[in-house]
Structure formats: structure tokens, C-alpha cells
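Novice: Here is my input; please provide its structure:
(one chain, ligands or ions: 1)
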Amino acid sequence: MAIERSAAKRPNWSSGFAFIMATLGSAVGLGNIWRFPYIMGQNGGAVFLLMYIVLSVFICSIPLLCELLLGKQMRRGVIRSYEKINRKFSAFGWLCFITSIFIPCFYFVVGGWTVNYIFIYLLGTIPVDQINTATFETFAAQPIAPLIMGIIFLVLCAAFPFRGVNKGIEQANNIIMPMFIIMLLFLAITGLFLPNSIEGLKFMFAPDFTKFNFTTVLTALGQALFTMSVGMGCLVTYGSYLKKDSDIIQSSGLLILGNTIIAVLAGVMIFPAVFSFNLEPSAGAGLVFITLPKVFAALPFGQFFGLIFFVLLFFAALTSGISLLEVSIAAILEKFKISRKIATVIMSSIILVFMVPTTWSFGLLNGYKLLGKTFFEIMDFTASNVLLPLNTIILCVVVGWILKPKMELLTKNEKFYSVFMFLLKFIVPPVLVLLMLFGLDVL
Ligand code: PHE
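Specialist: Have a look, this model is predicted:
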């Protein structure tokens, strides 16, 4: 594996399709399936959707392209990429590295829950009509079972980067993503045939302008960054495996389009079903792990639909988990000149240690809170609301003002390049600073 440590022998995606599947796999995750639908519902449905699309295209696309450009130009992981610009910027790379440890610590716990639900629906250990709130709460509060499920999820994620970029990451995404899309279409279409499904669609698509305010705009922007995997060097790492002549504008367009369509489809899969059975379109983790099992309980072939849904959720989380791990693996592999296999084992072990307190946040450590937040909530909040936006601002400033990426790596069109650079230098950083300060309730 020594070859991987030199930029010249760096692995390359074997096709444009492989790259799109890998970036889409990273982007499409828990963020799309449960977070997007419910946030959209709470923030005025169609109005939010419109904001989200406008912001994705005009604001988030800039740091997204920026990450890909940095990776493509430097052909290094996130730490070495920053170091190559200037040794003094090493800390910025390390900040991304730390973020790539923070996110898996809570993300993989939820990944473990999906594994548990797959077992329940596959083996029928609990009759479908008895899977309820208590099922979720008793499971999550146990000390050992959720930890074991989390470890299973971690090992499954790690197995792919362990095998390498082409044989592992690329193959996983090439196979899993098309399967994911077929399953999503199947469930979304089935949902449309349920009685009263139109109410669910109204909830999603009928604009409610009374809910439109500044917070909505910021929420839409925050959601767009997280779901597009911008802000921790994921796309720097994946971009570093691109060939020099690959068209990143086209890929980014497809990525934004694909990610948005999938998020909307996830809503179409969930809300008609929730409304059809008169359930509350309530928030967050509860919607997926508590409300949806009630839908499956009431459906004919509920066990089958439940199984498909949780396998789909698992696939989404798995391909994102792979990309989360690859950031830190690629970073330390080249920084400390170790093999890919050793790097994978080291990073998985570090993440495992931190996963223990996040898992126990729902049981043993539930009473231990800092500023009213459990360890799980602290990791989630710090990563999503502090580290991701902070890293994105630093990225835009460093790449826009200092690196000034080569035009030919982005486009042949001079006008496009100058608009891109203008947005990158003058518009995106202040908008992101505002987002962050408002998000943190500083303003
Ligand atoms: N985009 C992923 C999701 O929507 C989460 C993620 C964030 C993955 C940052 C990688 C980097 O679930």
C-alpha cells in the first residue's frame, strides 16, 4: 500500500459514475431521510423547499466546488492539502480531522439503531404490531445491546476503506446507491397509494408563508451544508482521487440535484404514510424509529415494508459513514506514512472509544448533562453548528484569498471563474458567519 502515500500514485476513481455514486453516497444519509422531511414540515413546507434549493445552488455550491478543487489540485487528504498551501495552515486540516471524529461518534450510534431494527423486522423477534415507543426507548437505554449494534455498524463501514478506494469504497457505492434509489422509489410510490396520502403531500408542498422568517433561511442553509457533506474535508478527500481532466462543475450539479431529489422523495415516502394513519409528523429520531413502525404495524405486509425501510436507512447511513471514516483514514495514512489497513484500525478504535459515552447518553449517562445537553447532543451540536460552519468559512477564505485555485481545474470559461471567485471571496464567507452566529444565538 506504500504507493498510496505519494501523490503521483494516488488511486483514481475508475469512472465519472463511480465518483458521482461515491459523493452522492456520502451526501445522502440520515440527514436526508429523517432530518430533511421534518425540518421542511416545521418551516413552512414548500417555502422551505424553495429556500433550500436557492441556497444550495447559489451558496452551498461554492464551498462544495471549493472542497473538490482543493482536493483535485493538491491530490492529498485534508491535513496535507492545507499544509501544502502553507505549513502554518496545518491546524485547519486538523480541525477538519477532529470534525471527522466528532460526527461518527453520534452518527454511528444511530447507524447501530438501524442495524437493530433490521434484525427486529428480519427475524420477527418482536411482532410487528407490538413495535412501539417502548421498544425504542428500552433498547436505546441498555448498556450493551446498542453498543454492540453500533460496533457492527462501525465495522461494516470500516470494511470498505480498509479494502481501498477502488476495491472498497467505489464498489460499495456503485452497488449500494442504485439499490438504495430503487428501494426509495418503491416505498415512495407505495406511500402515494395509501388512503388520505394527499394530506401528506399538502403538508410538504403547500406553502405556508406565515412560517417564513430569517430563522427559516438559516435552517435551510445549515441543512444544505450538512446534507451535502460540506465542511469537514469529505469532498477534499474524494476530490483528491479525481483525474485532472474530470469536470467538477457537472458532477457538483448532479450531486446537488440528486441529493435534493432524494430528500424530497424521502418526504414523499414518509409523510403520506404518517398522515394516512393519523400520526403526528413529529420531530427527529422519533419520526423514523417510533412513528414509522406504527405505520408498518397498520400496513398489510408491514414486516416486509419495515424491513425494506430500515435496510434503505442503513444503506444511506453506511455510504455516508464510509465517507466520514475515509476523511481521517486518508489524512493520517499520508501524514504518518502508515498503511491504509493500520490507519483504518487506528481511526475505528478512536471512534469506538468516543462512541461509548454517546451510546450511553440514552441510558447510563442520561443524567449527566453539560448546559442541559447529553454527551450525544454535545457532539451533534458542536459538530453541526460549530465545527462544520467554521471549517467551511476557513475553507472559503483560505482557498479564495490565498490559494486562488487554478482556473483550468474548474472551467475554461473566464466569466464563470470570475463569478465563482467573487462569490467565494466576498459573498459566501459573510453569509456563513451570519448563519453561524445566528445559529449559536449570538445575534
Ligand atoms: N451528508 C450526510 C447526511 O446527510 C452526513 C455527512 C456530513 C456525511 C458530513 C459526511 C460529512 O447524512
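
Novice: End to end on stretch 190-210, go ahead and measure it.
Specialist: Its start and end residues considered, stretch 190-210 measures 32 Å (Cα to Cα, to the nearest Å).

Novice: I'd like the mean pLDDT over it, please.
Specialist: Over the span of stretch 190-210, the pLDDT mean works out to 84.

Novice: Where does pLDDT dip in this structure?
Specialist: Counting by pLDDT under 70, the chain has low-confidence residues at 1-8, 281-286, 439, 441-443.

Novice: Repeat the analysis, applying 50 as the threshold.
Specialist: The model of the chain has pLDDT under 50 over residues 1-2.

Novice: Can you tell me which residues in it are near the ligand?
Specialist: Applying Cβ under 6 Å from any ligand atom, one finds that the chain approaches the ligand through 26-27, 29-32, 103, 226-227, 229, 232, 234, 320, 323-324. For every residue, glycine as well, the C-beta is placed using N, CA and C.

Novice: how does it look with 5 Å?
Specialist: Residues of the chain lying close to the ligand (Cβ under 5 Å from any ligand atom) are 27, 29, 30, 31, 227, 229, 234, 320, 324.

Novice: Look at residue 21 and give its secondary structure.
Specialist: helix (DSSP: H, G, I helix; E, B strand; the rest coil).

Novice: how many neighbours does it have?
Specialist: 25 (other Cβ atoms under 10 Å).

Novice: Check residue 119 too.
Specialist: 16.

Novice: Next up, identify which helix or strand it is on.
Specialist: For residue 119, the element it lies in under DSSP states H and E is helix 90-123.

Novice: What is the subsequent helix or strand relative to that helix?
Specialist: helix 133-141.

Novice: Mark which of the residues of the chain next to the ligand are part of helices, please.
Specialist: Residues of the residues of the chain next to the ligand located in helices (DSSP state H): 27, 30, 227, 234, 320, 324.

Novice: What's the local residue count around the nearest residue to residue 406 once chain neighbours are set aside?
Specialist: Leaving aside its chain neighbours, residue 406 sits nearest to residue 73 (6.3 Å; criterion: Cβ to Cβ, 6 or more residues apart in numbering). Using other Cβ under 10 Å, residue 73 has 21 other residues around it.

Novice: Residue 73: what's it in contact with?
Specialist: 403, 405, 406, 409 (Cβ atoms under 8 Å, 6 or more residues apart in numbering).

Novice: For burial, what's the neighbour tally of whatever residue of the stretch 51-200 of the chain ends up closest to the ligand?
Specialist: With Cβ to the nearest ligand atom, the shortest gap between the stretch 51-200 of the chain and the ligand falls at residue 103, namely 5.7 Å. For residue 103, the count of nearby residues is 26 (other Cβ under 10 Å).

Novice: do residue 195 as well
Specialist: Count around residue 195 with other Cβ under 10 Å applied: 10.

Novice: How about residue 112?
Specialist: 24.

Novice: pretty sure it contacts residue 155?
Specialist: No: using Cβ atoms under 8 Å, residue 112 is not in contact with residue 155, being 10.8 Å away.

Novice: circling back: which of the contacts of residue 73 sits closest to residue 47?
Specialist: When the contacts of residue 73 are ranked by distance to residue 47 (Cβ to Cβ), residue 405 comes first, at 34.9 Å.

Novice: Let's verify the closest one: helix, strand, or coil?
Specialist: Under three-state DSSP, residue 405 comes out as coil.

Novice: give me every residue that touches the spatially closest residue to it that is not a sequence neighbour.
Specialist: Nearest non-adjacent residue to residue 405, counting by Cβ to Cβ, 6+ apart: residue 69, 4.5 Å away. By Cβ under 8 Å, 6+ apart, the contact list for residue 69 reads 239, 248, 399, 405, 409, 410.

Novice: Could you report the neighbour count for the residue lying closest to the third one once chain neighbours are set aside?
Specialist: Going back to what we said before, that points to residue 399. Residue nearest to residue 399 in three dimensions, not counting chain neighbours: residue 66, with 4.9 Å by Cβ to Cβ, 6+ apart. Using other Cβ under 10 Å, residue 66 has 26 other residues around it.

Novice: what residues are up against residue 66?
Specialist: Counted by Cβ under 8 Å, 6+ apart, residue 66 has contacts 395, 396, 399, 400, 405, 424.

Novice: what element comes up after the helix or strand harbouring the first one heading to the C-terminus?
Specialist: In other words, residue 395. Using DSSP H and E, residue 395 sits in helix 388-397. Going down the chain from helix 388-397, the next helix or strand is helix 414-422, by DSSP H and E.

Novice: which residues touch the following helix or strand past that next one?
Specialist: For helix 414-422, the succeeding helix or strand toward the C-terminus, using DSSP H and E, is helix 428-439. With Cβ under 8 Å, 6+ apart as the test, helix 428-439 has contacts from 59, 62-63, 214-215, 218, 221-222, 385-386, 389-390, 392-393, 396-397, 400, 443.

Novice: can you do 7 Å?
Specialist: Contacts to helix 428-439, defined as Cβ atoms under 7 Å, 6 or more residues apart in numbering, come from residues 59, 62-63, 218, 221-222, 385, 389-390, 392-393, 396-397, 443.

Novice: what's the spacing between that helix and its chain's center?
Specialist: Relative to its parent chain, helix 428-439 has a centroid offset of 20 Å by Cα atoms, centre = their mean, to the nearest Å.

Novice: Then stretch 362-378?
Specialist: The mean C-alpha position of stretch 362-378 is separated from the chain mean by 23 Å, Cα atoms, centre = their mean.

Novice: same thing with stretch 144-151?
Specialist: The mean C-alpha position of stretch 144-151 is separated from the chain mean by 21 Å, Cα atoms, centre = their mean.

Novice: Now it - C-alpha only, CSV.
Specialist: The C-alpha trace of stretch 144-151 is given here as CSV (Å, rounded to 0.1, in the frame of the first residue of the first chain):
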residue,chain,number,x,y,z
ILE,A,144,-24.6,-3.3,25.9
ALA,A,145,-27.0,-4.1,23.1
PRO,A,146,-26.9,-0.6,21.4
LEU,A,147,-23.1,-0.6,21.8
ILE,A,148,-22.8,-3.9,20.0
MET,A,149,-25.1,-2.7,17.2
GLY,A,150,-23.0,0.4,16.9
ILE,A,151,-19.9,-1.7,16.7
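
Novice: Could you give me the buried positions within that stretch?
Specialist: Buried positions in stretch 144-151, judged by neighbour count with 16 or more other Cβ atoms under 10 Å: 145, 146, 147, 149, 150, 151.

Novice: Could you pull up phi and psi at the closest residue in space to the last one that isn't next to it in sequence?
Specialist: Of all residues not flanking residue 151 in the chain, residue 352 sits nearest, at 6.7 Å (Cβ to Cβ, 6+ apart). With angles defined as degrees, to the nearest 10, residue 352 shows backbone torsions of phi -60, psi -40.
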